[in-house]
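# sequence? don't have it. structure:
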Ligand SMILES: Nc1ncnc2c1ncn2[C@@H]1O[C@H](COP(=O)(O)OP(=O)(O)OP(=O)(O)O)[C@@H](O)[C@H]1O
Ligand SMILES: O=C([O-])CC(=O)C(=O)O
Ligand SMILES: [Ca+2]
Ligand SMILES: [Mn+2]
């Protein structure tokens, strides 16, 4: 490609006025025809494929009201929706996947015809835009199991987000990209028609495994795209390859010991996997294959609320040119992001390419099998110990339960700690019956002799309102103790009701902190029972699918 020098522009002049010399088109012949066949008006729309970061910045600033932060990151806003919309997510009922999908509250059915209507609505909308952005990249670092993903969107910010979150192709890979394995049509700026069959709001996020497509209407929250691809992997990896997809972060120590950190949103996957003494494989979505562990993504999507340069330096320093801050407010005079402000949402985020983390392991995969699996839970009841060791049946019980608690303030209408049981630590993303993932996990952990730990990053010394959140510095020490092998050698005592094995000492952590018991012992036991009741109720729906030992590994009283 010959270089073209652009002379200074006059006010209002477009730098890419001549589309034939647009360096980022990169689509010719068959590749271009693919867009016409999909319904795009190629005479009219200005298609920018894998555009350079700088161009996406310019467009986001010009057309979307984005601004540049003092660090060089791009600050964007997602509009009305500032989090995912699980109630508006649907899976198309069709013959190729219908027998594998776990239909119900998590995977809501959509018929094929309605998908066609929404797909056409999305493409019609995109055809009305002057600029349409395409990002072609990969999901999955292991070349054996990766898929080619195409994102088509009307917002430069969405293209940059997926540039950061997918695996970026080399020039050669882009030239030879060919037909994608999966395509996202993101028309999130445009609403779904509420009178279309099955629509309950103006938001619709829908996945069609037969067409290998996803359509987004009525939400501009960028996380929908990332978690949409995760859902695709939760189907493809087990069904096509026999691999286990995981809502977890992963890192590797200097001796090649791999840890997986499972946990629901906000429990600490990103925070705890960023560890200066270990190489980061990834912060949110992985696959445990026959040959090891690989990251699905090319980037991280970190929570920004209360972000502190001293407590989380790796994440703080990753926020620079190329990173996207989402729904973070800023000081108008200095362009400094205000991480304390939750005025727009608690769920402020930053998306950055994983290579912005100093000790990222690139390529983001390992041929070592996990030595430690850590379940993260943020317990607002103040019942669970900061760390405990689970036996193999408890490991399955806690995985299927997927417990954490939401705390007041995070969501509207949450007045007291609200337990959430999100199976496989990620119910909104799973496609198959949870017992299929649980069985694969158990089989792998047993085969590898993997140890399973439960870490409570939530309240200790009392429930929410009385106790305090376990200080991050102590949780980090606990994680260090797991990695050094020190914790496995500790003496353990059993907790009441939940029967968890609690170590008596962890280097750098005050011993009294390790035992969750409150001064008021009666109140502590009552609180244990309250939570245990919730566990038992939540587990009812899985009980018939698991071995009696797994059911028996739950709380007893
Ligand atoms: N003891 C602790 N351990 C871990 N995180 C803590 C602790 N105390 C407070 N935090 C805070 O909790 C939050 C954990 O969020 P994190 O981004 O790691 O969640 P996540 O599991 O990656 O969620 P998601 O899947 O939504 O990305 C951070 O804001 C972190 O600063
Ligand atoms: O998907 C999102 O919006 C953020 C995330 O990682 C999660 O909720 O697990
Ligand atoms: Ca995260
Ligand atoms: Mn996540």
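Nice, I can see it. Remember, it's a predicted structure, so these values are computed and weren't measured experimentally. Ligands and ions are numbered 1, 2, ... in the order given.
# The helix or strand harbouring residue 302 near ligand 3 at all?
If you go by DSSP states H and E, residue 302 is part of strand 299-303. No: residues of strand 299-303 contacting ligand 3 under CB under 5 Å from the ion: none, with a closest distance of 5.8 Å. For the C-beta atoms, the positions are set from N, CA and C on the backbone; glycine is no exception.
# Check the average confidence over the next helix or strand after that strand, would you?
Using DSSP H and E, the helix or strand that follows strand 299-303 towards the C-terminus is helix 313-317. The average pLDDT within helix 313-317 is 96.
# Please list the residues outside helix 313-317 that contact it.
Contact with helix 313-317 is made by 270-271, 274, 276, 300, 302, 307-309, 350, 356-359, as judged by CB atoms under 8 Å, 6 or more residues apart in numbering.
# and these as a markdown table, adding distance to ligand 1, neighbour count and pLDDT?
Output for those, formatted as a markdown table (distance: CB to the nearest ligand atom, whole Å; neighbours: other CB atoms under 10 Å; pLDDT from 0 to 100):
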| residue | distance to ligand 1 | neighbour count | pLDDT |
| --- | --- | --- | --- |
| 270 | 3 | 24 | 94 |
| 271 | 3 | 24 | 94 |
| 274 | 8 | 24 | 93 |
| 276 | 16 | 9 | 93 |
| 300 | 8 | 30 | 97 |
| 302 | 5 | 25 | 95 |
| 307 | 7 | 19 | 97 |
| 308 | 8 | 12 | 96 |
| 309 | 12 | 11 | 97 |
| 350 | 10 | 28 | 97 |
| 356 | 15 | 20 | 97 |
| 357 | 13 | 23 | 96 |
| 358 | 18 | 13 | 94 |
| 359 | 17 | 14 | 95 |
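# Which single one of those is nearest to ligand 2?
residue 270 (8.1 Å; CB to the nearest ligand atom).
# Now do the SS call for that closest one.
helix (DSSP: H, G, I helix; E, B strand; the rest coil).
# residue in this protein nearest to ligand 3?
residue 270 (3.4 Å; CB to the ion).
# Could I get the contacting residues of that residue?
Taking CB under 8 Å, 6+ apart, one finds 249, 283-284, 300-303, 315 in contact with residue 270.
# Residue 498 too?
With contact taken as CB under 8 Å, 6+ apart, residue 498 is in contact with 383-384, 528, 532, 555.
# among those residues, who's most crowded?
Counting neighbours by other CB atoms under 10 Å, residue 383 leads the contacts of residue 498 with 28 neighbours.
# Give me the below-cutoff pLDDT ranges for the chain.
1-9, 12-28, 408-414 (pLDDT under 70).
# Find the centremost residue of it, please.
residue 284 (4.8 Å; CA atoms, centre = their mean).
# Which residues of the chain lie near ligand 1?
Counting by CB under 6 Å from any ligand atom, the chain comes close to ligand 1 at 263, 265-272, 284, 301-303, 305-306, 457, 469-470, 472, 475.
# Now for residue 363, how many residues are close by?
Neighbours around residue 363, by other CB under 10 Å: 14.
# That should have said residue 422, apologies.
Residue 422, neighbours per other CB under 10 Å, totals 21.
# Break down the protein into its helices, ranges please.
29-38, 53-64, 112-127, 156-165, 171-175, 223-236, 269-273, 313-317, 392-401, 434-448, 472-484, 511-514, 521-543, 548-552 (DSSP state H).
# And for the last one, what's in contact with it?
Outside of helix 548-552, the residues that reach it under the criterion CB under 8 Å, 6+ apart are 393, 396-397, 400, 539, 543.
# Let me know the closest of the residues you listed to residue 236.
Among the contacts of helix 548-552, residue 400 lies closest to residue 236 (CB to CB), at 22.1 Å.
# show me the contacts for the nearest residue to residue 504 once chain neighbours are set aside.
Distances taken as CB to CB, 6 or more residues apart in numbering place residue 491 nearest to residue 504, at 4.7 Å, with adjacent residues excluded. Counting by CB under 8 Å, 6+ apart, residue 491 makes contact with 503-505.
# now the residues you listed: which count as buried?
residue 503 (16 or more other CB atoms under 10 Å).
# okay, the contacts of residue 491 in a markdown table with distance to residue 85 next?
Shown next, in a markdown table, are the contacts of residue 491 (distance: CB to CB, whole Å):
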| residue | distance to residue 85 |
| --- | --- |
| 503 | 41 |
| 504 | 45 |
| 505 | 45 |
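# ok, so of the contacts of residue 491, who is nearest ligand 2?
For the contacts of residue 491, the nearest to ligand 2 is residue 503 (28.8 Å; CB to the nearest ligand atom).
# what's the neighbour count on the residue nearest to the closest one when sequence neighbours are not counted?
Distances taken as CB to CB, 6+ apart place residue 490 nearest to residue 503, at 3.5 Å, with adjacent residues excluded. As a burial measure, residue 490 scores 17 neighbours (other CB under 10 Å).
# With residue 451 instead?
19.
# do the same with residue 209
Counted with other CB under 10 Å, residue 209 comes out at 22.
# ok, back up a step: test my guess that the residue nearest to residue 503 contacts residue 507.
No: if you go by CB atoms under 8 Å, residue 490 and residue 507 don't touch, sitting 10.0 Å apart.
# Neighbour count and distance to ligand 2 for the contacts of helix 548-552 - can I get that in CSV?
Shown next, in CSV, are these (neighbours: other CB atoms under 10 Å; distance: CB to the nearest ligand atom, whole Å):
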residue, neighbour count, distance to ligand 2
393, 18, 27
396, 25, 22
397, 23, 22
400, 26, 18
539, 21, 22
543, 13, 26
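# which one of those sits closest to residue 225?
residue 400 (28.0 Å).
# mind listing what the closest one touches?
Residue 400 neighbours (CB under 8 Å, 6+ apart): 423-424, 434-435, 438, 539, 542, 546, 550.
# Go again with 10 Å.
421, 423-425, 434-435, 437-438, 441, 538-539, 541-543, 545-546, 550-551, 554 (CB atoms under 10 Å, 6 or more residues apart in numbering).
# Share the number of residues neighbouring residue 57, please.
Residues within reach of residue 57, counting by other CB under 10 Å, total 22.
# How about it, nearest residue that isn't a chain neighbour?
residue 74 (5.6 Å).
# That neighbour and residue 53: what is the separation?
The gap separating residue 74 from residue 53 is 9 Å, by CB to CB, to the nearest Å.
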